[in-house]
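Asker: got a sequence here, can you build the structure:
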Amino acid sequence: PPDSALHVNKGIDAPETVNPNFVRKSRVLQTVEYYTNGILLGDRTILSQAFTIIESTKPEHQNLAQQIIADCLPHSGKSFRVGITGVPGAGKSTFIETLGMFLIETFGKKIAVLAIDPSGSTSGGSILGDKTRMEKLGTHANAFIRPTPSGGTLGGTARKTAEGIILCEAAGFETIFVETVGVGQSEIAVKSMTDFFLMLQIAGAGDELQGIKRGITEAADAIAINKADGNNITAAARTRMEFENALHLFPRRTHSPEPKVFTLSAYTGVGISDLWNFIQHFESEIKVNGFFEQNRHNQAVSRMHDTLIEALKNRFYQNISLKNKISELENDVKNSKLSPYEAAQMLLNYEL
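Answerer: Model prediction:
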């Protein structure tokens, strides 16, 4: 009824276009030299354009992307890469902005932030809101923030992020933060492309013991209990102790300093400098003992294999002669005529 609070008034008709002759033009691709030279000069606009090309699935864009990456590769490798993970709500974006501004204002560093943003499993949409949550860092001349939609394909996103790191390093960014969505296997993917892996936690969220998962916690080079301010200081200290006790259960490291647990507040900035001092100490140690270079080489080889697996999977499913066979076997599996394993084996044995 019209007098109901739930009544919705009829909206106005959509207005006609202001310019009926307007035709949206697609961006014209430039030469490889245009993008490479702009990146080497630190032009953030051209760097953003190059990221768009890398993220595109169009064949012509992918060919251009690989040429840009090849030209930028000799100028890369000079940054220190920090991976950051944490449960949703741990304050990752606020933490990155606080630490990033600290590094810019204290040391004059150039900061790049590559944030893997979760895409909806149903709609495929992505909010890409990290830039709006980092207002100061997002507008600073010494910072570059680029959210990348995960698109539901972790392997593809990891490759694009790794390629983005190369571009950022060629553009002169000295510290690169890679923020994960904080769920699933994204943490392991980010660990495989960074030099230092930080796990961000919060106290009082019922996640203290659940967060002590061997795979992720053992991979962490440091754990930071965020939001240690106000009435939460005591709870944060208690959570810190729980994680410190848990770390004693893991094997001792031989290639890098033992992981430490910190309490900090991204809101007030308390504890940020202590954490960064440890990160600097960590960087110095692994560069002296040779693990930094060895790890980078191992990561490059792993990226090659990951890229190969991703390419083979895409080529398999895009094969025209296989599409009908896949559809046929899918129906057989749905109708219980074949087991999933039999169907998969038949596809592997199918003669192309």
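Asker: what's the pLDDT at residue 319?
Answerer: Note on residue 319: pLDDT of 88.
Asker: all helices for the stretch 1-150 of the chain, in order.
Answerer: Secondary structure of the stretch 1-150 of the chain by DSSP state H, counting those that start in this stretch: the helices cover 32-40, 44-55, 59-72, 92-107, 130-133, 135-139.
Asker: which of those is buried the deepest?
Answerer: Among those, ranked by average contacts under mean count of other C-beta atoms under 10 Å, first place goes to helix 92-107 (a mean of 20). C-beta coordinates here come from the backbone N, C-alpha and C atoms, glycine included.
Asker: report all helices and strands that that helix contacts.
Answerer: strand 80-86, strand 111-117, helix 130-133, helix 135-139, strand 175-179, helix 272-288 (3 or more C-beta pairs under 8 Å, 6 or more residues apart in numbering; DSSP states H and E).
Asker: could you find the closest non-adjacent residue to residue 252?
Answerer: Nearest non-adjacent residue to residue 252, counting by C-beta to C-beta, 6 or more residues apart in numbering: residue 258, 6.8 Å away.
Asker: regarding the one you found, what is its secondary structure?
Answerer: What DSSP: H, G, I helix; E, B strand; the rest coil gives for residue 258 is coil.
Asker: in this protein, where is pLDDT below threshold?
Answerer: 1-27, 117-132, 149-157, 181-185, 204-215, 352 (pLDDT under 70).
Asker: report the central residue of it.
Answerer: The centroid of the chain falls nearest to residue 116 when counting by C-alpha atoms, centre = their mean (3.3 Å).
Asker: coming back round to it: for the residue nearest to residue 252, grab the count of nearby residues.
Answerer: For residue 258, the neighbour count with other C-beta atoms under 10 Å is 11.
Asker: next one: it from residue 249, what distance?
Answerer: Applying C-beta to C-beta, to the nearest Å, the value for residue 258 to residue 249 is 13 Å.
Asker: do the same with residue 189
Answerer: 25 Å.
Asker: neighbour-wise, which of those two wins?
Answerer: More neighbours surround residue 189 than the other of residue 189 and residue 249, with 23 against 10 (other C-beta under 10 Å).
Asker: that one is in contact with residue 158, isn't it?
Answerer: Yes - applying C-beta atoms under 8 Å, one finds residue 189 in contact with residue 158, separated by 4.2 Å.
Asker: I'd like to know how many residues surround residue 87.
Answerer: Residues lying near residue 87 (other C-beta under 10 Å) number 17.
Asker: phi and psi next, for it.
Answerer: Backbone torsions of residue 87, given as degrees, to the nearest 10, read phi -60, psi 150.
Asker: go through the longest helix along the chain and flag the buried ones.
Answerer: Ranked by number of residues, the top helix in the chain under DSSP state H is helix 291-318. Residues 291-292, 295, 299, 303, 306-307, 310 are the ones in helix 291-318 that count as buried (16 or more other C-beta atoms under 10 Å).
Asker: coming back round to it: the residue nearest to the centre of the chain pairs with what?
Answerer: Beta bridges link residue 116 to residue 148, judged by DSSP bridges.
Asker: tell me the spacing between it and residue 264.
Answerer: Residue 116 is 23 Å from residue 264, by C-beta to C-beta.
Asker: so what touches stretch 342-352?
Answerer: Applying C-beta atoms under 8 Å, 6 or more residues apart in numbering, the contact partners of stretch 342-352 are 319, 321-322, 325-326, 329-330, 332-333, 338.
Asker: try stretch 259-275
Answerer: With C-beta under 8 Å, 6+ apart, stretch 259-275 has contacts from 91, 94-95, 97-99, 102, 198, 220-229, 233, 236-237, 240, 243-244, 247, 253, 278.
Asker: buried residues in it, which are they?
Answerer: In stretch 259-275, counting by 16+ other C-beta under 10 Å, buried: 259-266, 271-272, 275.
Asker: dump the C-alpha coordinates for that stretch into CSV.
Answerer: The C-alpha trace of stretch 259-275 is given here as CSV (Å, rounded to 0.1, in the frame of the first residue of the first chain):
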residue,chain,number,x,y,z
PRO,A,259,60.2,-15.5,14.0
LYS,A,260,59.0,-13.0,16.6
VAL,A,261,55.6,-11.9,17.9
PHE,A,262,54.8,-8.2,18.2
THR,A,263,51.9,-6.2,19.6
LEU,A,264,51.1,-3.0,17.8
SER,A,265,48.4,-0.5,17.0
ALA,A,266,48.0,0.5,13.3
TYR,A,267,45.6,3.2,14.6
THR,A,268,48.1,4.9,17.0
GLY,A,269,51.3,3.8,15.4
VAL,A,270,52.6,2.3,18.6
GLY,A,271,54.9,-0.7,17.9
ILE,A,272,55.3,0.0,14.1
SER,A,273,59.0,1.0,14.4
ASP,A,274,59.9,-2.1,16.5
LEU,A,275,58.4,-4.3,13.8
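Asker: number the residues from 46 up from this point.
Answerer: Happy to do that; since the first residue is 46 now, the last one works out to stretch 304-320.
Asker: mind putting the buried residues of helix 336-363 into TSV with distance to residue 223?
Answerer: As requested, the buried residues of helix 336-363 are exported to TSV (distance: C-beta to C-beta, whole Å):
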residue	distance to residue 223
336	19
337	17
340	15
344	12
348	14
351	15
352	17
355	18
